[in-house]
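In: Need coordinates for the following:
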Amino acid sequence: MKGGKKTTVKTGPLNIKIYGRGLIRGYIISLLLFLIVAVLITYTSIGENIIPLITSIIMIVGIVFAAIYASVNLRNKGWLHGGIIGLVFILILIGLSKIFIADYSVDRIALYKIGLSMGAGIIGGMLGVNIK
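Out: Reported below is the predicted structural model:
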């Protein structure tokens with residue numbers, strides 16, 4: 001007999017609890033990766049011109065991780081749940097940017113990141129459904 005207590009979460013069409021847990025885990029992974037990259041940039045000769053690429057990669061990793069978590073727990077329609085996770089992930093970031101950056105505006109790059117986030121979420125969701 002295994003020692004852990006197994007909790008079951010009721011899975012509905014849009015389970016906000018699982019989405020929230022996935023998003024929190026995705027943001028934590030992203031934050032940890034940002035801290036590691038900040039240390040690397042500070043103490044090595046890595047140039048600051050690589051920061052936009054690294055931020056996009058870290059964002060994708062966080063979204064894929066969140067989408068995998070959600071779709072593993074929901075067990076169906078991974079592409080849909082992953083796409084929703086990706087969209088919510090980036091919309092929260094855009095909302096925080098609008099709050100804390102006075103002259104922030106949604107431009108072509110932000111729209112590109114919305115599409116990239118949804119694509120990463122869809123891929124993560126499809127991966128998560130197929131993880132046994």
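
In: Point out where the protein drops to low pLDDT.
Out: 1-13, 132 (pLDDT under 70).

In: helix or strand right after the lengthiest helix in it?
Out: With secondary structure taken from DSSP state H, the chain has its longest helix at helix 16-43. Following helix 16-43 in sequence order, the next helix or strand is helix 51-74 (DSSP states H and E).

In: Tell me which other helices or strands the next helix or strand after that following helix touches.
Out: On the C-terminal side of helix 51-74, the closest following helix or strand by DSSP H and E is helix 78-100. Packing partners of helix 78-100 (3 or more CB pairs under 8 Å, 6 or more residues apart in numbering; DSSP states H and E): helix 16-43, helix 51-74, helix 108-129. In short, each C-beta sits where N, CA and C put it, glycine included.

In: any chance of the ones you listed in CSV, with distance to Ile101 too?
Out: CSV is the format used below for those (distance: least, CB to CB, whole Å):
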stretch, distance to Ile101
helix 16-43, 17
helix 51-74, 15
helix 108-129, 12
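
In: Give me whichever of the ones you listed is most buried.
Out: Across the helices and strands packed on helix 78-100, averaging neighbours per residue (mean count of other CB atoms under 10 Å) puts helix 51-74 on top, at a mean of 21.
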